[in-house]
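only geometry, no sequence info:
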């Protein structure tokens, strides 16, 4: 790698936030004494801004094309109007009137008591025939119902439900990075750029199956395409395959740090399988040299302990 390529890599890592604190301090010190390095930094920023505007224009053009080609809504067939009142309506109305008249007459019949029931006639027996029954004490035995048993829930099922809920809520942790600027600059086929834009758009709206269809038309050896593919596989719950693609990007300049963290998410999502690999990756991050990954791993462990039951 010659000096120009080394400067370019340093500039890209600086803008992507992949440098450690010591590397950032050394790089900024080099900027003060090197005009060419400052020019390279400014050129890289200009290129990134230009490519961002290009992607936005491509996306706006595609959305406009979709709107213009959208099928016109078909008018709903008119339902013939019916007559407002038919013979059935009048039949029901007359029947209801007769029923109300009949009920009114029954309720006001003098031969019936209150509530429309006939007044019963009581034949009281002669006083000589009345027998006095001594009172008896009735004792009602208490009925002991068995105590309600609490519904037993399998602890493993509780942890599985908590893991799935946490993964669904944190699915946004794995987001596709912007398409690599150098790759777009060297792309000769404009259709390939459109397909990458469509794939990135599908990932942003969460349509992972559609994103996989677009990604299948691209060159899978490119880092940015492989990163988008891994993200789409994670979204379709193909965690093992996603981990393989993320593993291939660990040494990438643009995606190295994100790929390492996403591997941890892939192992965690396979609970209860893959937990040994998950703990190993977390320990490596906590003991690694990247302060950013250390802080992220520690915060994640605390959130897992709060969200998932241990028993």
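The structure has been received and is ready for your questions. All values reported here derive from a predicted model rather than from experimental measurement.

tell me the domain ranges of the chain?
According to automatic domain parsing, the chain comprises the domains 3-65, 155-307.

which stretch of helix or strand covers residue 212?
Residue 212 is part of helix 208-215 when elements are defined by DSSP states H and E.

list the helices and strands that helix packs on?
With contacts taken as 3 or more Cβ pairs under 8 Å, 6 or more residues apart in numbering; DSSP states H and E, helix 208-215 sits against helix 190-205, helix 223-235. Yep, even glycine has a C-beta here, placed from its N, CA and C like the rest.

just the domains of the chain: most buried one?
domain 155-307 (a mean of 17; mean count of other Cβ atoms under 10 Å).

what's the mean pLDDT across the lengthiest helix in the chain?
Criterion DSSP state H: the longest helix present in the chain is helix 35-68. For helix 35-68, mean pLDDT rounds to 86.

can you name the next helix or strand after it?
Past helix 35-68, the next helix or strand by DSSP H and E is helix 87-107.

quick one: buried residues of that next one?
Within helix 87-107, no residue is scored as buried using 16 or more other Cβ atoms under 10 Å.

just the mean pLDDT for that helix, thanks.
Throughout helix 87-107, pLDDT has a mean value of 90.

what of stretch 235-250?
The average pLDDT within stretch 235-250 is 88.

I'd like the domains of the chain as a markdown table, with distance to residue 109 appended.
Formatted as a markdown table, the domains of the chain follow (distance: least, Cβ to Cβ, whole Å):
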| stretch | distance to residue 109 |
| --- | --- |
| domain 3-65 | 78 |
| domain 155-307 | 66 |
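
of those, which approaches residue 93 most closely?
domain 155-307 (56.2 Å; Cβ to Cβ).

OK, contacts around residue 27?
Listed by Cβ atoms under 8 Å, 6 or more residues apart in numbering, the contact set of residue 27 reads 10, 14, 19.

of the residues you listed, closest to residue 268?
Within the contacts of residue 27, the smallest distance to residue 268 is 27.2 Å, found for residue 19 (Cβ to Cβ).

pretty sure the closest one is touching residue 12, no?
No - applying Cβ atoms under 8 Å as the test, residue 19 and residue 12 come out as separate, 10.3 Å apart.

any low-confidence regions in the stretch 201-311 of the chain?
308-311 (pLDDT under 70).

at 90 instead, please
For the stretch 201-311 of the chain, the stretches with pLDDT under 90 are 201-207, 219-224, 226, 234-237, 239-240, 242-311.

quick one: the helices in it?
Assigned by DSSP state H, counting those that start in this stretch, the helices in the stretch 201-311 of the chain fall at 208-215, 223-235, 239-247, 256-269, 275-287, 291-307.

to residue 3, which of these lies closest?
helix 256-269 (22.4 Å).

name the helices or strands packed onto the closest one?
With contacts defined as 3+ Cβ pairs under 8 Å, 6+ apart, helix 256-269 has these neighbours: helix 155-169, helix 223-235, helix 239-247, helix 275-287, helix 291-307.

what about these, which gets the closest to residue 203?
Distance to residue 203, taken as Cβ to Cβ, is lowest for helix 223-235 among those, at 5.8 Å.

what is that closest one packed up against?
Looks like helix 223-235 contacts helix 190-205, helix 208-215, helix 239-247, helix 256-269 (3+ Cβ pairs under 8 Å, 6+ apart).

hmm, try it at 7 Å
Packing partners of helix 223-235 (3 or more Cβ pairs under 7 Å, 6 or more residues apart in numbering; DSSP states H and E): helix 190-205, helix 208-215, helix 239-247.

so what angle separates the directions of that helix and helix 208-215?
Between the axis of helix 223-235 and that of helix 208-215 there is an angle of 150 degrees, by axes from the mean of the first three to the mean of the last three Cα atoms, to 10 degrees.

mind checking how far residue 207 is from residue 198?
For residue 207, the distance to residue 198 equals 10 Å [Cβ to Cβ, to the nearest Å].

please apply the same query to residue 257.
27 Å.

what does residue 235 give?
In this view, residue 235 and residue 198 are 16 Å apart by Cβ to Cβ.

next one: residue 231
15 Å.

same question, residue 297
Taken as Cβ to Cβ, the span from residue 297 to residue 198 is 34 Å.

how about residue 56?
Relative to residue 198, residue 56 is positioned 14 Å away (Cβ to Cβ).
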